[in-house]
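[1] Starting from these lines, generate the structure:
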Amino acid sequence: MTWPDIAAAAGQVPPETTQQAVGYPALFVLVALGALVPVIPTGALVSSAAVVAFHQRSLPFAVLLVCAVASLAAFTGDVALYWLGRRGVRSRNGSRWLEALRGRATPERLEQAQTRLDEHGVLVLVVSRLLPAGRIPVMLACLLAQLPLRRFARGDAPACLAWAATYGLIGILGGSLFAEPWKGVALAVGLTLLISAGPSLWRRIRGARTAG
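    Predicted coordinates:
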């Protein structure tokens, strides 16, 4: 008798089902919070979840569900943050959310984002979601341009789908290379952190060379 049969006979929930029941809501909450506050490495989180899903018996549906949950959570967080930012733009005194966005975007990056928004419209949101530290300057440019929430949401939806699919593919890569899920998780986390930190390190190296 297999474990699912034993569990069913005992009235217990199979481990994989339990992981899904707990894991997907937790993934949604963490990714949505990560879109609001920059303290959660959401890309690494999605890749790790994709690695675990890759090793489940419900492949490929588990991986697709990870990407769907992650994209919906990212979209929810982005729209909430944009709504909060719009309240600050309309207010005379601004808001702490708007000031937080300003503090996370350098004047140079904001100017570049405004130029790209003028040239490409909301399509720039797709690229900004895939570039490390590219989301906030573009979102702030949209706020300063007083882009309606509905128009922002139309551009952000495909951006979140592309973002979730990209980090999901990184998780699939990690899961396919190793039989043990933890090794795939370690590889996926390492790749996502390297992608996130790479541009910042390159700018520092280039600045040091210029100063030298």
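
[2] could you pull out the helices for the protein?
    Along the chain, the stretches classed as helices by DSSP state H are 3-10, 15-36, 42-54, 61-90, 96-103, 107-120, 124-130, 135-144, 149-177, 181-211.

[3] ok, now which ones touch residue 174?
    In this structure, residue 174 makes contact with 47, 50, 51, 183, 184, 185, 186, 187, 188, 191, judged by C-beta atoms under 8 Å, 6 or more residues apart in numbering. In short, each C-beta sits where N, CA and C put it, glycine included.

[4] Quick one: buried ones out of those?
    Using 16 or more other C-beta atoms under 10 Å as the burial test, those include 47, 50, 51, 184, 185, 187, 188, 191 as buried.

[5] from these, which is closest to residue 161?
    Closest to residue 161 out of the buried ones among the contacts of residue 174 is residue 50 (14.4 Å), distances taken as C-beta to C-beta.

[6] what's around the closest residue to residue 102 other than its chain neighbours, how many residues?
    Ranked by C-beta to C-beta, 6 or more residues apart in numbering and with sequence neighbours excluded, the top spatial neighbour of residue 102 is residue 140, at 6.6 Å. Residue neighbour count, defined by other C-beta atoms under 10 Å, stands at 22 for residue 140.

[7] Setting aside sequence neighbours, what's the nearest residue to residue 79?
    Using C-beta to C-beta, 6+ apart and skipping residues adjacent in sequence, the residue nearest residue 79 is residue 153, 5.6 Å away.

[8] whoops, I mixed them up, residue 122
    Nearest to residue 122 is residue 155, by C-beta to C-beta, 6+ apart, at 2.7 Å.

[9] before we move on, the earlier item: redo the contacts of residue 174 as a markdown table? Include pLDDT.
    Conversion of those to a markdown table gives the following (pLDDT from 0 to 100):
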| residue | pLDDT |
| --- | --- |
| 47 | 89 |
| 50 | 90 |
| 51 | 89 |
| 183 | 78 |
| 184 | 77 |
| 185 | 80 |
| 186 | 80 |
| 187 | 78 |
| 188 | 76 |
| 191 | 76 |
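
[10] Tell me which residues touch residue 63, please.
    With contacts defined as C-beta under 8 Å, 6+ apart, the neighbours of residue 63 are 50, 53, 54, 168, 171, 172.

[11] now those residues in JSON lines, with distance to residue 90?
    Written out in JSON lines, the entries for those read as follows (distance: C-beta to C-beta, whole Å):
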{"residue": "50", "distance to residue 90": "39"}
{"residue": "53", "distance to residue 90": "41"}
{"residue": "54", "distance to residue 90": "45"}
{"residue": "168", "distance to residue 90": "36"}
{"residue": "171", "distance to residue 90": "40"}
{"residue": "172", "distance to residue 90": "43"}
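
[12] ok, and the most crowded of the residues you listed?
    Ranked by neighbour count (other C-beta under 10 Å), those have residue 171 at the top, with 31 neighbours.

[13] for stretch 116-126, how far is the first residue from the last?
    12 Å (C-alpha to C-alpha, to the nearest Å).

[14] Touching that stretch from outside, list them.
    For stretch 116-126, the surrounding residues in contact (C-beta under 8 Å, 6+ apart) are 113, 127, 138, 141-142, 145, 147, 151-152, 154-156, 158-159, 162.

[15] swap in stretch 83-96?
    Residues external to stretch 83-96 that are found in contact with it (C-beta under 8 Å, 6+ apart): 97, 98, 99, 101, 139, 140, 143, 144, 146, 149.
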